[in-house]
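**Student:** Let me see the structure of the following:
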Amino acid sequence: LAIHHGLFTVAECDSIVKLASTHALLDEEQVKVMHGSKQVLDTTRRSARMQWLCSHSLQRTRGGCQDRPELSWIVGRIQQVLSRTLSREAGVSELDPSLRSDNPAIDAMVITYGVDGFHEWHVDANPGNTFVSGTRLISMTVQLDAEEAYEGGSLSFGDVNASRRQGDATIYSSCSPHTVLPLTRGRRRALVVNVWARVQATAPQMRSLWWRRCVPLFEPLLARMAQARSPHQGSVHLQAGIFLMALEALERDGKGSRNREDVDALRARARKQLVAARELEPALHWAWHKEGVLLAGEGRLDEALDRFVRTTRLRPTEAENLYDLDLAYQQLGRYAEAVATCERALALVPNAPSAYRYLGKALDLDGKPKDAAAAYASSLRVSPAEGASPYIELARLKLDEASAGVKTSPQLSDKKKFEAYALYASAASLPSADAIHRFEAGHHLGYADRFEEAAHFMRAALRMQPELPQQPSSHPYVSRVLRESYFH
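**Tutor:** Okay, here's the model as predicted:
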């Protein structure tokens with residue numbers, strides 16, 4: 001944590017606020033938060049307005065911070081401070097050549113908190129998203145309003161707060177747990193800047209960075225908070241647990257280099273933090289939920305179910321929390337309860353495509369294929385581009401129906417087959433379709449003698465995942481499809 005006094009004058013702070021009003025690339029009246037891998041609107045976790053000035057991810061569309069001349073004086077001032085900060089960060093510049101230059105990848109935005117505005121405890125860095133577009137390394141907050149203009153709303157790091165003086169910049173590691181306390185009067189505006197390292201999935205330095213730079217931050221902070229009897233200890237334990245879970249997932253998915261014993265130990269450390277979080281603050285629903293996810297991954301389904309039930313009791317109106325409860329019921333063979341859980345989700349969020357998709361799976365397992373097909377069809381009606389899974393599942397159900405009716409109604413059976421093959425082709429054509437979806441679609445289209453389509457999707461699948469098909473018995477069939485497409 002470092003504070004740079006007077007980075008901007010009072011007049012310059014007012015100018016930044018005006019620029020946000022007139023030149024924002026995007027104005028979000030309510031900022032979304034991450035729920036798993038999705039961004040959702042959740043005012044129980046964050047209530048604020050965000051006006052994007054520039055973003056490194058928008059450079060191709062001239063939205064990068066270097067692409068906007070009206071921001072040059074702001075960006076130049078920021079870079080002067082950041083260059084000194086980054087020069088002191090051992091090993092960081094090796095991650096991304098741009099960090100050694102005067103043009104690091106940055107985002108800049110103005111965030112406004114009104115009365116009751118806040119942001120729950122969190123860390124800006126997200127190792128679960130590291131290998132997609134990079135990761136945040138350094139964060140900076142500049143206060144744009146006078147101290148006397150508001151009460152509450154402090155940016156808190158547990159045992160120390162950011163400077164509240166107008167124009168001051170507080171610079172901190174993006175791994176540092178922090179919160180914005182509820183504002184009780186007035187309005188607080190801040191210029192928030194994130195510095196990114198643009199690294200790829202194979203970069204071993206990044207995994208080393210998380211261990212060397214981030215993990216050691218939590219325990220000393222928690223020790224200081226315990227000594228001070230801080231009421232927020234549970235929330236910081238929760239952030240430590242979530243961070244360790246993300247690292248465990250990277251190692252388990254093969255993107256790390258640790259052995260099985262280390263991964264198990266990492267999972268145990270994560271759960272220890274989550275248990276501490278819920279014991280200190282029993283109302284932390286996210287701690288119960290994350291512990292349930294860990295327990296489910298270990299096959300301890302009854303314990304996981306208990307945690308998911310507790311989560312939904314604490315937050316009965318949040319549909320997202322019901323999906324893991326549904327999956328736990330499915331894995332335990334309690335299909336009727338899984339169906340009821342999905343129906344609860346649909347009652348909370350009518351026409352949610354994900355709720356229909358989960359309902360379709362639960363109904364299928366409960367032995368109700370026609371109802372399952374209707375649920376999958378509803379998912380596709382609401383959001384045709386949601387993903388390939390509803391197409392694949394609905395196609396499978398139609399093929400089952402066609403097989404069952406081949407003797408009693410051959411004409412209807414042929415119609416169902418035709419509908420199924422069309423669904424397979426639609427699934428495989430989606431940009432989001434993965435290798436397995438495309439291979440399965442090609443497999444079935446080959447049986448329909450639609451060899452050109454089948455070969456097209458199989459080739460695409462093999463380019464994405466060369467080891468497909470994993471069953472050697474399928475190899476002759478794939479060869480036949482490719483050969484037939486050539487002759488046709």
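
**Student:** which residues in the stretch 1-150 of the chain form strands?
**Tutor:** 2-4, 26-28, 33-35, 38-40, 46-47, 49-54, 105-113, 118-122, 135-143, 150-152 (DSSP state E, counting those that start in this stretch).

**Student:** could you dump these to a markdown table with distance to residue 313, mean neighbour count and mean pLDDT?
**Tutor:** Using the backbone N, CA and C atoms, a C-beta is placed for each residue, glycine as well. Listed next are the strands of the stretch 1-150 of the chain as a markdown table, based on distance: least, Cβ to Cβ, whole Å; neighbours: other Cβ atoms under 10 Å; pLDDT from 0 to 100:
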| stretch | distance to residue 313 | mean neighbour count | mean pLDDT |
| --- | --- | --- | --- |
| strand 2-4 | 42 | 15 | 90 |
| strand 26-28 | 31 | 13 | 84 |
| strand 33-35 | 18 | 16 | 62 |
| strand 38-40 | 20 | 11 | 64 |
| strand 46-47 | 22 | 20 | 90 |
| strand 49-54 | 31 | 21 | 92 |
| strand 105-113 | 30 | 22 | 91 |
| strand 118-122 | 19 | 19 | 91 |
| strand 135-143 | 34 | 24 | 88 |
| strand 150-152 | 30 | 17 | 97 |
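
**Student:** now for the ones you listed, which one comes closest to residue 429?
**Tutor:** Of all the strands of the stretch 1-150 of the chain, it is strand 38-40 that lies closest to residue 429, at 23.4 Å by Cβ to Cβ.

**Student:** now what about stretch 2-20, what contacts it?
**Tutor:** 51, 53, 70-71, 74, 77, 81, 85, 109-110, 142-146, 162-163, 165-172, 189, 191 (Cβ atoms under 8 Å, 6 or more residues apart in numbering).

**Student:** List only buried entries from the residues you listed.
**Tutor:** Neighbour-count burial (16 or more other Cβ atoms under 10 Å) is assigned, among the contacts of stretch 2-20, to 51, 53, 71, 74, 77, 81, 85, 109-110, 142-145, 162-163, 166-172, 189, 191.

**Student:** ok, back up a step: from the contacts of stretch 2-20, which ones fall inside helices?
**Tutor:** With DSSP state H as the criterion, helices contain 74, 77, 81, 85 from among these.

**Student:** Verify the stated contact: the last one with residue 138.
**Tutor:** Pointing back at residue 85 there. Yes. Using Cβ atoms under 8 Å, residue 85 is in contact with residue 138, at 6.1 Å.

**Student:** what is in contact with the two at once?
**Tutor:** In terms of Cβ under 8 Å, 6+ apart, residue 85 and residue 138 are both contacted by the residues residue 171.

**Student:** Show me where this structure dips below the pLDDT cut-off.
**Tutor:** Low-confidence regions of the chain, defined by pLDDT under 70, span residues 32-40, 57-63, 86-103, 126-134, 198-212, 250-259, 488.

**Student:** let's go with 50 and repeat that
**Tutor:** Across the chain, the ranges flagged by pLDDT under 50 are 130-132, 200-203, 255-256.

**Student:** if we can go back for a sec, nearest to residue 373 among the ones in helices among the contacts of stretch 2-20?
**Tutor:** residue 74 (55.3 Å).

**Student:** show me the contacts for residue 407.
**Tutor:** Per Cβ under 8 Å, 6+ apart, neighbours of residue 407: none.

**Student:** Could you look up the SS state of it?
**Tutor:** coil (DSSP: H, G, I helix; E, B strand; the rest coil).

**Student:** Give me the distance between it and residue 444.
**Tutor:** 21 Å (Cβ to Cβ, to the nearest Å).

**Student:** cool, and residue 413?
**Tutor:** Counting by Cβ to Cβ - residue 413 and residue 444 are separated by 15 Å.

**Student:** who's more crowded, those two?
**Tutor:** Shown here are residue 413 and residue 444; by other Cβ atoms under 10 Å, residue 444 has more neighbours (22 against 18).

**Student:** List the buried residues of whichever strand or helix holds residue 370.
**Tutor:** Using DSSP states H and E, residue 370 sits in helix 369-382. By 16+ other Cβ under 10 Å, the buried positions in helix 369-382 come out as 369, 372-380, 382.

**Student:** Next secondary structure element downstream of that helix?
**Tutor:** helix 389-404.

**Student:** List the neighbours of stretch 274-284 that are in contact with it.
**Tutor:** 233-235, 237-238, 241, 287-288, 290-291, 294, 314.

**Student:** coming back round to it: pipe the strands of the stretch 1-150 of the chain into CSV and attach distance to residue 260 per row.
**Tutor:** Below are those laid out as CSV (distance: least, Cβ to Cβ, whole Å):
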stretch, distance to residue 260
strand 2-4, 40
strand 26-28, 42
strand 33-35, 28
strand 38-40, 30
strand 46-47, 37
strand 49-54, 42
strand 105-113, 35
strand 118-122, 30
strand 135-143, 26
strand 150-152, 47
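
**Student:** The ones you listed: which one's closest to residue 178?
**Tutor:** Among the strands of the stretch 1-150 of the chain, the nearest to residue 178 by Cβ to Cβ is strand 118-122 (7.2 Å).

**Student:** circling back: show me the contacts of stretch 274-284 that map onto strands.
**Tutor:** Among the contacts of stretch 274-284, none falls in strands (DSSP state E).

**Student:** Just among these, which is most surrounded?
**Tutor:** Busiest of the contacts of stretch 274-284 [other Cβ under 10 Å] is residue 287, holding 29 neighbours.
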